[in-house]
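# Structure, please.
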Amino acid sequence: MDLNALSDEELEAHMNPRVAVEDAESYLADWVERSAEARTRLGGRLDLAYGDTPGQTLDVFPAAVSSAPLHIFIHGGYWRALDKSANSFVAEALVEAGATTILLNHDLCPLVTLDEIVVQIRRAITWVHANAADLGGDPNRIFVSGHSAGAHLAMMALAHDWGGEGLPPDLIKGVVGVSGVYDLAPILRISVNDDVRLDAEMATRNSPTLNPSSSPAPFVIAVGQQEPAAFMAQSTDFYDVCRKRGLDCEYLECPGDDHFSILYSLANPISGLCGLALRQMSLA
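So this is what the prediction gives:
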């Protein structure tokens, strides 16, 4: 899709989900309610620090078995909004299937730059690897998923040179990206950038479509069929780039889902999307 042919107003309607989805605020309120209920059922360890700023915390929802796979989920919000506490409901199906599930927070723009957020996510994953035994998980089975901006951060983590930090090069064993943003150039033209404050160079170096992973780990690129065309193109274009490079990637369109309802599919153990996440971990 030629985004240059769209006016700034049209691009905003395509690329800003709170504009594109009429009842976005209702979804967000429902997520918060479902998540509070999920935390009551799951228990878990909340707000563990992995870094030295207030935003660098995580929640751990343990599986019933020891040495479980560790599934890390990164929330969306265009790097400038939302909180892990609104997505706790995503953990239930994963925990019940046998995965210790970890939800990350990070500092938000404009308090920090996107470059710093990418570093914080790496720090969180490193912390999980180092503390896997204490979390009841297997450090050799770390998987990552994310929604929207969280999907972007998950793919950035997959592309990172973990071996260069003295960690296993294949530290991340699989990724599921849900309605992600993978080419950041359009962000320069929409209101989100008032907070994110990208420039062209930062957008380029933080675009997975321009800097795809060389990891052999499998990954899923999922998107809702009801996303606007330009937002859907974020996933299809990224998939095309990865497929042409011979990467182990799979593309999934979730029928009937928009940018927000797709998280219900991830949380539904009988959905195709959740099934892919579970199969990655050999739990289905």
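# And the next helix or strand past the helix or strand harbouring Val19?
In this structure, Val19 sits in helix 17-20 according to DSSP states H and E. Once the chain leaves helix 17-20, the next helix or strand it forms, by DSSP H and E, is helix 24-42.
# Not counting that following helix itself, show me its contacts.
Where contact means Cβ atoms under 8 Å, 6 or more residues apart in numbering, the residues beyond helix 24-42 that reach it are 17-18, 21, 46, 59, 61, 82, 85-89, 91-92, 95, 259-261, 263. Every C-beta, even on glycine, is put in place using the N, C-alpha and C of the backbone.
# one more time with 10 Å, if that's ok
Helix 24-42 is touched from outside by 16-18, 21, 23, 44, 46, 59-62, 75, 77, 81-92, 95-96, 101, 103, 258-261, 263-264, 267, with contacts defined as Cβ atoms under 10 Å, 6 or more residues apart in numbering.
# Run the chain-centre distance for it.
Centroid displacement of helix 24-42 relative to its chain, using Cα atoms, centre = their mean, to the nearest Å, is 18 Å.
# among the contacts of helix 24-42, which ones are buried?
Among the contacts of helix 24-42, those that count as buried by neighbour count (16 or more other Cβ atoms under 10 Å) are 16-18, 21, 44, 59-62, 75, 77, 81-82, 84-92, 95, 101, 103, 258-261, 263-264, 267.
# hmm, back to that, so which of the contacts of helix 24-42 are in helices?
Secondary structure defined by DSSP state H assigns Pro17, Arg18, Ala91, Glu92, Val95, Glu96, Leu263, Tyr264 of those to helices.
# wouldn't the second one be in contact with Ile190 here?
No - with contact defined as Cβ atoms under 10 Å, Arg18 and Ile190 do not form a contacting pair (11.0 Å).
# Identify the contacts common to those two.
Among the neighbours of Arg18, those also in contact with Ile190 (Cβ under 10 Å, 6+ apart) are Tyr78.
# what's the span of stretch 57-67 from first residue to last?
22 Å (Cα to Cα, to the nearest Å).
# likewise stretch 89-106?
With Cα to Cα as the measure, stretch 89-106 spans 19 Å from end to end.
# just stretch 167-178 next, same as before
26 Å.
# sorry, back to before: turn the ones in helices among the contacts of helix 24-42 into JSON lines, columns for pLDDT and distance to Leu6.
Rendered in JSON lines, the data for these read as follows (pLDDT from 0 to 100; distance: Cβ to Cβ, whole Å):
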{"residue": "Pro17", "pLDDT": "89", "distance to Leu6": "16"}
{"residue": "Arg18", "pLDDT": "84", "distance to Leu6": "18"}
{"residue": "Ala91", "pLDDT": "99", "distance to Leu6": "37"}
{"residue": "Glu92", "pLDDT": "98", "distance to Leu6": "39"}
{"residue": "Val95", "pLDDT": "99", "distance to Leu6": "41"}
{"residue": "Glu96", "pLDDT": "98", "distance to Leu6": "43"}
{"residue": "Leu263", "pLDDT": "98", "distance to Leu6": "27"}
{"residue": "Tyr264", "pLDDT": "98", "distance to Leu6": "29"}
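# wait, which of those is closest to Asp240?
Within the ones in helices among the contacts of helix 24-42, proximity to Asp240 (Cβ to Cβ) peaks at Pro17, which comes in at 22.4 Å.
# residues in contact with the residue nearest to that closest one when sequence neighbours are not counted?
Closest residue to Pro17 in three dimensions, ignoring its sequence neighbours and counting by Cβ to Cβ, 6 or more residues apart in numbering: His259, at 4.0 Å. The contact partners of His259, by Cβ under 10 Å, 6+ apart, come to 16-18, 20-21, 24, 27, 76, 147-148, 178-179, 223-224, 226-228, 231-232.
# quick one: which helix or strand includes the one residue sitting closest to the centre of the chain?
Centrality entry for the chain: nearest residue to the mean C-alpha point is Gly146, 1.4 Å, by Cα atoms, centre = their mean. When elements are defined using DSSP H and E, Gly146 is found to belong to strand 137-147.
# and that strand, average pLDDT?
Strand 137-147 shows an average pLDDT of 99 in the prediction.
# mind listing what that strand pairs with, with the direction of each?
Sheet pairing of strand 137-147 (DSSP bridges) gives strand 68-74 (parallel), strand 172-178 (parallel).
# So which elements touch the helix or strand of the chain with the lowest mean pLDDT?
None of the helices or strands of the chain scores lower by mean pLDDT, DSSP states H and E than helix 17-20, at a mean of 87. Based on contacts counted as 3 or more Cβ pairs under 10 Å, 6 or more residues apart in numbering; DSSP states H and E, the elements that helix 17-20 packs against are helix 8-15, helix 24-42, helix 229-244.
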